[in-house]
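Asker: Got a predicted model here, sequence first, then my questions.
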Amino acid sequence: MSDTTEPTTQPIEEPAADTNTEQPQSEDTQPAQEKRQRRTPNAEAASYRHQLRESQAREEQLSQRLAKAQDTILHQTIQATRLGDFNNITLKHADDLQRFTGKSTADYFTEEGLDTQQLQADLERLCTERPELFSRHTAPDHSQGMGIPSELMQGSWSDAFRRR
């Protein structure tokens with residue numbers, strides 16, 4: 001005797017002829033209902049996963065754009081910041097601030113925007129610790145390069161090339 005059992009097959013019932021006694025549905029709702037009936041739970045889950053991936057990609061793209069904008073704002077502010085008694089000291093390379101303080105761009109931003117007080121304090125501390133990273137700009141001497149006033153000049157350009 002063997003313990004094998006044969007699978008039993010049941011006859012498949014054929015769908016009955018259209019005996020729909022309900023009122024006909026409008027054309028707008030009929031395709032939507034058919035679509036909902038055809039969607040399997042796996043297809044619906046796949047749709048949600050796809051939407052999730054799209055929203056995560058958009059979020060990543062926006063966070064990268066925000067980080068780039070913050071970095072640009074920080075560098076421009078560093079370049080515009082003047083230190084010293086005569087406002088004549090500037091940081092030569094804006095990247096040096098982050099390199100020597102160990103802070104990131106996000107450390108200088110709050111919910112309100114750029115924290116200029118923290119930035120100023122870090123720049124001043126770095127200026128005292130590493131003055132070689134900063135350049136000193138002297139005020140121009142406006143009396144130089146003015147030349148001789150025209151009333152003191154005698155002659156013309158051709159006179160300059162004549163032999164005397």
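Answerer: Received, thanks.

Asker: What does the pLDDT read for residue 155?
Answerer: Per-residue pLDDT puts residue 155 at 70.

Asker: try residue 11
Answerer: pLDDT, residue 11: 54.

Asker: On the three-state scheme, residue 57 is what?
Answerer: helix (DSSP: H, G, I helix; E, B strand; the rest coil).

Asker: And it, how far from residue 51?
Answerer: For residue 57, the distance to residue 51 (Cβ to Cβ, to the nearest Å) stands at 11 Å. Using the backbone N, CA and C atoms, a C-beta is placed for each residue, glycine as well.

Asker: any idea how far residue 95 is from residue 52?
Answerer: Distance check for residue 95 against residue 52: by Cβ to Cβ, it reads 37 Å.

Asker: next one: residue 44
Answerer: In terms of Cβ to Cβ, residue 44 sits 13 Å off from residue 52.

Asker: Equivalent analysis for residue 124, please.
Answerer: 47 Å.

Asker: Compare these two and say which is more crowded by neighbours.
Answerer: Neighbours were counted for residue 124 and for residue 52 using other Cβ atoms under 10 Å; residue 124 has more, 14 against 10.

Asker: Residue 90 is in contact with residue 97, correct?
Answerer: No: Residue 97 is not in contact with residue 90 according to Cβ atoms under 8 Å; the separation is 11.5 Å.

Asker: any idea which element residue 70 lies in?
Answerer: helix 41-80 (DSSP states H and E).
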